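Engineer: here's my sequence, what's the structure:
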Amino acid sequence: MVGGISRVTIVAPRSRVDLALPADVPVAEMLPVLLRYAGTDLGDDPAAQHGWTLARLDGLVLDGSHTPAQLEVRDGDVLYLRPRGDEAPVLVYDDVIDAVATATRDQPSRWTASRTRRYGLVVAVLALLGGAAVTLLAGPPQLAGGVVGLAGAAILIGIATILSRALGDQDAARAVGLVAIVYAAVGGLLVLAGDRTVGELAGPHLLVAVTAALLAAALASIGIGHAATPMFLSAGAVAGAAVLGTATAVALEVGPVPAAAVTLLVVLATLPAQPMIAYRLAGLPVPSLPAEREELRQDTETVDGERVLARSRRADELLAGMVTALAVIVAAGAAVVATADWRGLVLGAALGILLTSRARWYLGARLRLPLLAGGAVALAAVLVTLYLSVGPVARLTGVLLAVIAVAGIHFGFAMAGGKRPNSPWWGRALDVLEIVLILGIVPMAIWVSGLYAWIRGIRG
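Structural biologist: Numbering: from 1, shown residues only. Purely as a prediction, here's the structure:
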């Protein structure tokens, strides 16, 4: 592959053409063009009523959602246009060694260059995280560790910028940028710690740490550029929520539970606005709806299809980043408030159920999975807190029964998934439950935060 182009041979049922395929365009988007080059009548071929596929010599069909670069299509490869559902003929070998070599070469678990690259990135990230852990635990005194952490964050952000803008390696740049946020948090935590141990650090030190992490996320997003925005938007939102919670605890001199409750209220208020925020950030045009019949007749506005599709994908990426941040913040907040008393347990359970129910509003896996995972973590935190706060008999009855109920419900979903259409009655019931939870979480969070008692104290 040279210059982002793969020079391949396309073999159709009645023709053979040599073409140069762009390496960054999905195969499905190129198929109509390939059909035109391979023959003017292929698109209307009755044998291909289910569409066409592009396959290798061994019959392995190329995934249409992937690009030639992702599929490792190289210069000189021969690809076959076949009607969908038309199985490739069985290969006949006259040499046992050739058959064994082919099977070994084509097995899915074969080690590839992309796996070597992935392995190298993972080990490099783990090594850098190990360095952050060593920096955190090296003191006291802590000033040297703070300087090393902040300097390391600055250096890593510079490396991430070079990887992205000079070398075009977005994956490595994002990985290094995320590690830079960790180093910034460690440096901010230690830079003003003096001779205190890590266990003796208080709210002001944590406030400096999360502020440094937020600044590092912003700088990394700017340095890496457009491709990193969703990931660092998510990291920055989590750091921003941590800044809000820590600042609340320091300014009002309250514990982590009230601060977490206040933070949850602010974060949940953004939930309905997230889709529109992503829409605006992606630069999608707002359609002007005609109000009168004459305006409808004069509506001749044209839309740049490719531009709108690209921005729609961008909006989906940004929304995924915001939803992921919301799930992380709510799950962490639920784990904190669950440690308070029975009110915190009820609030944590309500938050977990709300996240799980909210996931059904999104069709994309990268939007739905964070909410499901966040809801599971919140409910698990409630169950663990219950388990640790009750006696042996209650552990064997209430908590164990709750675990069995959760397992049974999800096992039922797994068994029934896709076998029958969802009942509108159940959908409406979940809508009502979600409304009740949203209406109940607000006063419950205010109650857990102690705001009611504070207001009563002011009034005497």
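Engineer: can you give me the helices in the stretch 251-400 of the chain?
Structural biologist: Using DSSP state H, counting those that start in this stretch, the helices of the stretch 251-400 of the chain run over residues 256-269, 274-281, 293-297, 305-337, 342-358, 365-389, 392-394, 400-416.
Engineer: ok, how many other residues are close to L19?
Structural biologist: For L19, the count of nearby residues is 16 (other Cβ atoms under 10 Å). C-beta coordinates here come from the backbone N, C-alpha and C atoms, glycine included.
Engineer: what bridges to it?
Structural biologist: Taking DSSP bridges, one finds V8 as the beta-bridge partners of L19.
Engineer: per-residue pLDDT, it?
Structural biologist: Looking at L19, its pLDDT is 81.
Engineer: from A242, how far out is L192?
Structural biologist: Plainly put, L192 is 17 Å away from A242 if you go by Cβ to Cβ, to the nearest Å.
Engineer: out of the two, which sits in the more crowded spot?
Structural biologist: Set side by side, L192 and A242 show more neighbours around A242, with 21 against 15, by other Cβ under 10 Å.
Engineer: okay, the more buried one and A185: tell me how far apart.
Structural biologist: The spacing between A242 and A185, counted by Cβ to Cβ, is 9 Å.
Engineer: hey, what's in contact with both of the two?
Structural biologist: Residues touching both A242 and A185 (Cβ atoms under 8 Å, 6 or more residues apart in numbering): V210, A213.
Engineer: still on that earlier bit, need the helices of the stretch 251-400 of the chain in CSV (columns: mean neighbour count, mean pLDDT and distance to Y37).
Structural biologist: Formatted as CSV, the helices of the stretch 251-400 of the chain follow (neighbours: other Cβ atoms under 10 Å; pLDDT from 0 to 100; distance: least, Cβ to Cβ, whole Å):
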stretch, mean neighbour count, mean pLDDT, distance to Y37
helix 256-269, 22, 87, 52
helix 274-281, 16, 83, 38
helix 293-297, 9, 64, 41
helix 305-337, 20, 85, 21
helix 342-358, 22, 86, 47
helix 365-389, 19, 86, 34
helix 392-394, 9, 78, 71
helix 400-416, 11, 77, 45
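Engineer: in stretch 173-192, what's buried?
Structural biologist: Under the neighbour-count criterion of 16 or more other Cβ atoms under 10 Å, stretch 173-192 has 173-191 buried.
Engineer: so for that stretch, mean pLDDT?
Structural biologist: Mean pLDDT, stretch 173-192: 91.
Engineer: tell me the gap between it and the middle of its chain.
Structural biologist: Put simply, stretch 173-192 sits 20 Å off its chain's centre (Cα atoms, centre = their mean, to the nearest Å).
Engineer: what's the answer for stretch 432-440, then?
Structural biologist: 26 Å.
Engineer: ok, and what's touching that stretch?
Structural biologist: L268, A350, I353, L354, S357, R358.
Engineer: which one among those residues gets closest to L252?
Structural biologist: Distance to L252 across the contacts of stretch 432-440 (Cβ to Cβ) is lowest for L268, with 19.7 Å.
Engineer: so what's the closest one up against?
Structural biologist: Contacts of L268 (Cβ under 8 Å, 6+ apart): V330, I438, I441, V442.
Engineer: for these, which entry has the maximal number of neighbours?
Structural biologist: Within the contacts of L268, most neighbours by other Cβ under 10 Å means V330, with 27 neighbours.
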